[in-house]
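Engineer: Sharing a model prediction with you, sequence too.
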Amino acid sequence: MDLAPHGQGQGGSDPVMAMYFTNGEAYTLGVNKEYEHLTGISLVDVKGRHMRELENIFFRPSVTLRVLEQKKPVTTVQQLLRSNKKLLVTGNPIYNQDGKITMVITLVRLLEEHGYCLRAMSPAKPKYRTFGKMVFNSPVMGEVVDKVAKIAASEANVIVTGESGVGKELIAHTIHELSPRKDGPFVVVNLGAMPENLVESQLFGYTGGAYTGADPKGKAGLVKTAAGGTLFLDEIGELPFGSQVKLLRLLEQKEIIPLGGHRAERVDVRVIAATNRNLAQMVREGTFRRDLFYRLNVFHIHIPPLRDRVEDIEALSGYFLEKANGQYKTGKTFSPEALRVLRHYGWPGNIRELKNVIERLVVLYDSVQITPRQVETELAGSGALWEPVDIWENGSLNQAVSRFEKEFLTRSLKKYGDPETCARALGVHRTTLLRKMRRYGITW
């Protein structure tokens, strides 16, 4: 495995993080180019040398030695002895099947950069931490970050779950960027947006003349496009039952048969899937294959909704405000009361909705400080779906629930535009939504 070379991330101009690799005995395996650039320490200087030797020559202390002693991830401040630069370093142990540490991957960032340190700032500029392009400050997301760092070094399949807008694709991309496949393609497939009759040909490709209107030369599918890299299957719960067999073959045998073809083709690809649906429930209902579920669910990462991690609301608000200030050449800050309003909102659209609200607050108002009234105004526009519903009329509990459900579905349909999109956003089957629409006389 070539550990040294490292290029730019796929999807943006942000550089890949600096990384240092050792084996389970603390001997250096390699560093990437970002590490060489950041520290001035070259691969030639350290490769094959033990961390106890290097600790007194180039840096102090060695986080790798602490990881091997404590047998868990460790974060500490490290000083470069030649330049006196201070680094924030996080060592992550990688275990084999016997529970033995076989590698330590250390992530490195300058302490004064925003990167991996907790920014102690005024309430007007909330504190946050970052991991790659992930922004967080909650303990639960800290655990997610630790899990991502460990999973990335493996080749196993992953399922990422969570509501729409929580950042499932970002998690998948981070895993890819930290993995040995980082220099290969990262191919995103949104199964929920793909017509059911085209899923098989788009994913697995087709041979010439496979169906009416097909390209006579045939076409390679998205699976082959991702060869050597990572295939991210978003909304995996929408994969038609017939196509699930072909995906299972890919996971089990690393091969596919294009539509209309008769010969299997080998494909080297890692699969990360994501969903906002309950796949275990779908397995029980017979709409998702049990064997496919277990093949995909080697590692499971769940991202809680934003409303359940208030620390991240403040952290992301600060991050998006900085981004918007830079983009629009402004210097806005939050008042403490404005931040309080943001923290107490339910964020049904999660991070995606928060980003849009912050951008509107920067663009639409002239005041330097963002006020609670401004936030409330924008939330009223963003979250009209979540305005209170008057259910306090005479009647039974069932009648009150029905009034709420009807109003909720009506507003949801107005927000999402059509029943299919609405059903996916609400995490229910399309047939369930259509049945409730008929029950309440909701037309579309």
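Structural biologist: Received it, and whenever you're ready, just let me know what you need.

Engineer: Show me where the stretch 251-400 of the chain dips below the pLDDT cut-off.
Structural biologist: 381-400 (pLDDT under 70).

Engineer: all strands of it, in order?
Structural biologist: With DSSP state E, counting those that start in this stretch as the criterion, the stretch 251-400 of the chain has strands at 255-256, 265-266, 270-275, 299-302, 333-334, 369-370.

Engineer: Okay, now the sheet partners of the longest one, with direction.
Structural biologist: Just to be clear, that refers to strand 270-275. Here strand 270-275 is paired, per DSSP bridges, with strand 158-161 (parallel), strand 230-234 (parallel).

Engineer: go on, the first one?
Structural biologist: Taking DSSP bridges as the criterion, strand 255-256 sits next to strand 265-266 (antiparallel) in its sheet.

Engineer: ok, and for stretch 47-55, which residues are buried?
Structural biologist: 50-51, 54-55 (16 or more other CB atoms under 10 Å). Backbone N, C-alpha and C define where each C-beta goes, glycine included.

Engineer: Adding mean pLDDT as columns, could you present the strands paired with strand 270-275 in CSV?
Structural biologist: Converted to CSV, the strands paired with strand 270-275 look like this (pLDDT from 0 to 100):
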stretch, mean pLDDT
strand 158-161, 97
strand 230-234, 97
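
Engineer: for the ones you listed, which one sits closest to V188?
Structural biologist: Each of the strands paired with strand 270-275 has some distance to V188 by CB to CB; the shortest is strand 230-234, at 4.9 Å.

Engineer: ok, back up a step: so which of the strands paired with strand 270-275 comes closest to P348?
Structural biologist: Checking the strands paired with strand 270-275 against P348 by CB to CB gives strand 158-161 as the closest, at 17.2 Å.

Engineer: got the domain boundaries for this structure?
Structural biologist: Listed by automatic domain parsing, the domain ranges of the chain are 18-117, 142-302, 310-386, 397-440.

Engineer: circling back to that earlier point, return the most buried member of the strands of the stretch 251-400 of the chain.
Structural biologist: Of the strands of the stretch 251-400 of the chain, the one with the most neighbours on average (mean count of other CB atoms under 10 Å) is strand 270-275, at a mean of 25.

Engineer: quick one: contacts of it?
Structural biologist: Taking contacts as CB atoms under 8 Å, 6 or more residues apart in numbering, the residues outside strand 270-275 that touch it are 155, 157-162, 168-169, 171-172, 175-176, 179, 181, 229-237, 247, 250-251, 296.

Engineer: are any of the residues you listed buried, and which?
Structural biologist: Buried residues within the contacts of strand 270-275, defined by neighbour count using 16+ other CB under 10 Å: 157-162, 168-169, 171-172, 175-176, 179, 181, 229-237, 247, 250-251, 296.

Engineer: related to what we said a few turns ago, who wins for proximity to T130 among the domains of the chain?
Structural biologist: Among these, the nearest to T130 by CB to CB is domain 18-117 (5.7 Å).

Engineer: So for the closest one, mean pLDDT?
Structural biologist: What domain 18-117 shows for mean pLDDT is 87.

Engineer: shift numbering so it begins at 770
Structural biologist: Noted, 770 is the first residue going forward, which turns the last one into domain 787-886.

Engineer: for the stretch 820-969 of the chain, what spans make up the strands?
Structural biologist: For the stretch 820-969 of the chain, the strands defined by DSSP E, counting those that start in this stretch occupy 828-829, 843-849, 855-864, 870-879, 898-900, 903-905, 927-930, 955-959.

Engineer: Check which helices and strands the second one sits against.
Structural biologist: Translated: strand 843-849. Other elements packing on strand 843-849 under the criterion 3 or more CB pairs under 8 Å, 6 or more residues apart in numbering; DSSP states H and E are strand 828-829, helix 832-839, strand 855-864.

Engineer: Same question for the fifth one.
Structural biologist: Packed against strand 898-900, as judged by 3+ CB pairs under 8 Å, 6+ apart, are the following elements: strand 903-905, helix 908-921.

Engineer: and that strand, how far from the chain's centre?
Structural biologist: From the chain centre to the centre of strand 898-900 is a distance of 13 Å (CA atoms, centre = their mean, to the nearest Å).

Engineer: Could you do the first one as well?
Structural biologist: Relative to the chain's own centre, strand 828-829 is displaced by 33 Å; criterion: CA atoms, centre = their mean.

Engineer: So what touches it?
Structural biologist: Here strand 828-829 has contacts from 808, 810, 847-850, 856, using CB under 8 Å, 6+ apart.

Engineer: didn't V1067 look like it was pressed against L1020?
Structural biologist: No - under the criterion of CB atoms under 8 Å, V1067 makes no contact with L1020, lying 9.5 Å away.

Engineer: what's the overlap in contacts for the two?
Structural biologist: With CB under 8 Å, 6+ apart, V1067 and L1020 have common neighbours N926.
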